[in-house]
Each structure stands twice: as C-alpha cells, then as structure tokens.
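Colleague: 3D, please:
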Amino acid sequence: MKLYSVLFAITILILTGCDMHTEHKSGFKTAPGSNMMKEMDWLLGSWINRSSNGHLYEIWRKNNDTLFSGESFLIEQNDTTFHEKISLEWKDGNLYYIPTVRDQNNGRPVLFKLISGVNGEYVFENKEHDFPHRIIYKNPAPDSLHARIEGIENGILHKEEFPMNRTSRPGL
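Modeller: Prediction:
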C-alpha cells in the first residue's frame, strides 16, 4: 500500500507542482531549451549603423537552439578600428550576452545575464564589469535594431546608443 501512496504522491507532484519553466525577475517565463532563443530570432542577420565616425556592423548567425554567434566591428576610413566576437547563449536556465574583445579583459569573454525581456527590449547586466554594466537590445520596428550600452563611471551614468538597420537576413 505504501508503494501506491508514493506513486500517487509523485504523480500529483508531476501534474501540479513541477512547472518546468524558469521565472525571471521581469515576470516572463522561458522553457528549458529555450523559447527565449526563438524570441531572439529577429536578431539574426546583418546590421549597420552609419555615422560620421564610420560604419558599425553587427552580424548574427544561429549555431543551434541554444547558441547564436556574432561579431561586431567598426570600419573607419577603410580600417577596422574595433572588433568583438559575441555570443548569445542559453545555459544553466539563463540567457547570456557574451562579448569577447581581444584587447580588453585579458581577451576573456564577459558574461552579461538577461535580467529583463519586456516589450521587445532585452536588458543584459553585469554589475561587476568596469564598463558597460548593461547592454540593451531593442527591436522597435521590423528591420530595426537599437543597441545601447550603459554604466556608471566616476558616479556618472554614461550611455552610448547604436541605432542600426538590417542589411540582410539569414539565408539571403
């Protein structure tokens, strides 16, 4: 009789108590595997920000259901003056934005954890990093990406904004 009671209790737990979703601070839920990666599919492809400082490019590819890889680079007067490798990775129940710049942080990747994903705006944060503390991606309209980095330096909030337009979609 005890075996049936244990099996019944386990069945009840499975049916009612085991929610296989991770609840984030912002209140959104993501399933293991993750639906967040699918939600970020809009990011895939090539993007450009044209400014007087040069052209900033960002290119994203889908490796698999838990990993996107990308790169960002700035071209000024035909010279690449900045380059970083980037990944967007679902691991340990969280989504991370992970940039790696050869001449920064001893060439090691820096993890920024997703802390909010509301209304098409995704906020990744790492308060331990010198600058930036936050990386924000927003998809305000089709074929439009708005990236922002921000952080506190010497008690002052600094922000840099990077509005971008799509130059191509994956597979084109």
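
Colleague: And the strands in the chain, which stretches?
Modeller: Here the chain has its strands, by DSSP state E, at 22-23, 29-30, 45-51, 54-64, 67-76, 79-91, 94-100, 112-118, 121-125, 134-138, 144-153, 156-168.

Colleague: what does the third one contact?
Modeller: Just to be clear, that refers to strand 45-51. The contact list for strand 45-51 (C-beta atoms under 8 Å, 6 or more residues apart in numbering) reads 55-60, 145, 162-170, 172. Yep, even glycine has a C-beta here, placed from its N, CA and C like the rest.

Colleague: Put together TSV for the strands of the chain, with distance to Met36 and mean neighbour count on each row.
Modeller: Listed next are the strands of the chain as TSV, based on distance: least, C-beta to C-beta, whole Å; neighbours: other C-beta atoms under 10 Å:
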stretch	distance to Met36	mean neighbour count
strand 22-23	9	13
strand 29-30	5	16
strand 45-51	18	17
strand 54-64	13	16
strand 67-76	11	17
strand 79-91	6	16
strand 94-100	5	20
strand 112-118	7	18
strand 121-125	9	20
strand 134-138	12	20
strand 144-153	17	16
strand 156-168	21	13
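
Colleague: As JSON lines, these with distance to Asn106 and mean pLDDT would be great.
Modeller: Shown next, in JSON lines, are those (distance: least, C-beta to C-beta, whole Å; pLDDT from 0 to 100):
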{"stretch": "strand 22-23", "distance to Asn106": "31", "mean pLDDT": "42"}
{"stretch": "strand 29-30", "distance to Asn106": "32", "mean pLDDT": "44"}
{"stretch": "strand 45-51", "distance to Asn106": "28", "mean pLDDT": "96"}
{"stretch": "strand 54-64", "distance to Asn106": "24", "mean pLDDT": "96"}
{"stretch": "strand 67-76", "distance to Asn106": "19", "mean pLDDT": "97"}
{"stretch": "strand 79-91", "distance to Asn106": "14", "mean pLDDT": "96"}
{"stretch": "strand 94-100", "distance to Asn106": "10", "mean pLDDT": "97"}
{"stretch": "strand 112-118", "distance to Asn106": "17", "mean pLDDT": "95"}
{"stretch": "strand 121-125", "distance to Asn106": "21", "mean pLDDT": "97"}
{"stretch": "strand 134-138", "distance to Asn106": "20", "mean pLDDT": "98"}
{"stretch": "strand 144-153", "distance to Asn106": "19", "mean pLDDT": "97"}
{"stretch": "strand 156-168", "distance to Asn106": "23", "mean pLDDT": "96"}
